[in-house]
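Enquirer: Quick one, fold the following:
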Amino acid sequence: MSSVQTQFVSLTTGAPRQTAGASLLAYRIAGISFGMTASDGLRMILDPSLREFALPRTAGDACEVNVKVSLVDALKVPDTEPLFSSGGLWSLFAEDGGYRLNFVRPFRGETPYKSAWFDKNFRCGELALSRHFFDTDRAIYPFEYPLDEVLMIHHLAGGKGLEVHALGVVDEAGFGHLFLGHSGAGKSTSARLWQAEQSQRGGRILSDDRIILRKREGQVWMYGTPWHGDAGIASPGSARLSHIYILEQAPTNELVPMPRSIATAEIFARSFVPRHSPEALNFALQFIEQLAQELPCDTFRFLPQSSAVEAVRHARA
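Expert: This is a model prediction of the structure:
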């Protein structure tokens, strides 16, 4: 997973000034468009990982998710207990019929460096950046990770789809293979194996770490995201999903069919769901149960060599 690329003043002092940027920005991931509108003379720029996902935008354009971005002198932590705390940079609070996301560096006594309020569906929001932390002489990416991914996860939870910890591969015949795994399971290793094979036979990789699943015309499709893993592979492409695998590294290659009940639990364990929300949990479980019913699910015990790719191709045939 890509690391935080901080834009704080304290870490940019002495660097060349970069005044280029725009007051309107937009990008699309998994068919969902996100728009940012800046005020206070703030100039914005997309993170390099989003360049392939960028959309042209003018003042009259509306996106599915719209956020106003502004600068403030200071931010404070809410007095209420958070609904969820990541244990790191961000916490989520209930506020004014919606939700507030606060982002604080891990230093005792620090105030938030940015804070965002969103409506209950995470469709409209207001993002405030603290002047104390940001160098406003240079263009800023306001949705800097983890906000962009956290926003996507919560928006999807309203019945839109599901983000999973997975490698997404489209083979040369157009079949979509989803390889689910926790960190260290072999997603990026598998991505490199497929990449080497595809240079000869064709196909493409959508992401080596984060994939979004959505229903489209009654079928499940997988979408690439910009949040890549160690292999650094990210694509805005999509493909109809054909097969699901749970990755396990092993001395030999073996595909073991998985009962639906077990498949549901294994997929859920590798999904990103706002667990503070009963509605989000209910939607995710229904979505995953249907997924496990409609598509074949296997445990893929694999040897991290090119033979693993051939094992999947042979099983498909």
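Enquirer: Counting by contacts, list what the lengthiest helix in the chain packs against.
Expert: As assigned by DSSP state H, the longest helix anywhere in the chain is helix 278-294. Here helix 278-294 touches strand 162-170, helix 260-269, going by 3 or more Cβ pairs under 8 Å, 6 or more residues apart in numbering; DSSP states H and E. Every C-beta, even on glycine, is put in place using the N, C-alpha and C of the backbone.
Enquirer: Which residues in that helix does the neighbour count mark as buried?
Expert: Buried positions in helix 278-294, judged by neighbour count with 16 or more other Cβ atoms under 10 Å: Ala280, Phe283, Ala284, Leu285, Phe287, Ile288, Glu289, Leu291, Ala292.
Enquirer: same thing with stretch 299-311?
Expert: Thr299, Phe300, Arg301, Phe302, Ala308, Val309, Ala311.
Enquirer: same deal with stretch 180-197?
Expert: 180-181, 185-191, 193-195, 197.
Enquirer: check which helix or strand covers Ser188.
Expert: For Ser188, the host element (DSSP states H and E) is helix 187-201.
Enquirer: wait, doesn't Gly181 sit right on Ala269?
Expert: No. Gly181 lies out of contact with Ala269 (Cβ atoms under 8 Å); the separation is 10.4 Å.
Enquirer: Overlap in contacts, these two.
Expert: Common neighbours of Gly181 and Ala269, counting by Cβ atoms under 8 Å, 6 or more residues apart in numbering, are absent.
Enquirer: For the longest strand anywhere in the chain, name the packing helices and strands.
Expert: In the chain, assigned by DSSP state E, the strand with the most residues is strand 238-249. Applying 3+ Cβ pairs under 8 Å, 6+ apart, we find strand 238-249 packed against strand 162-170, strand 176-180, strand 219-224, helix 260-269, strand 297-302, helix 307-316.
Enquirer: quick check: angle from that strand to helix 187-201?
Expert: Interaxial angle, strand 238-249 versus helix 187-201 (axes from the mean of the first three to the mean of the last three Cα atoms, to 10 degrees): 120 degrees.
Enquirer: List the neighbouring strands of strand 238-249 plus their orientation.
Expert: Under the criterion DSSP bridges, strand 238-249 sits next to strand 176-180 (parallel), strand 219-224 (antiparallel), strand 297-302 (parallel) in its sheet.
Enquirer: Nearest to Ala30, out of these?
Expert: Closest approach to Ala30 among these is made by strand 219-224 (3.7 Å; Cβ to Cβ).
Enquirer: gap between the two ends of stretch 22-41?
Expert: Start-to-end span of stretch 22-41 (Cα to Cα, to the nearest Å) is 10 Å.
Enquirer: buried set for it?
Expert: Quick answer for stretch 22-41 (16+ other Cβ under 10 Å): 23, 25-30, 32-38.
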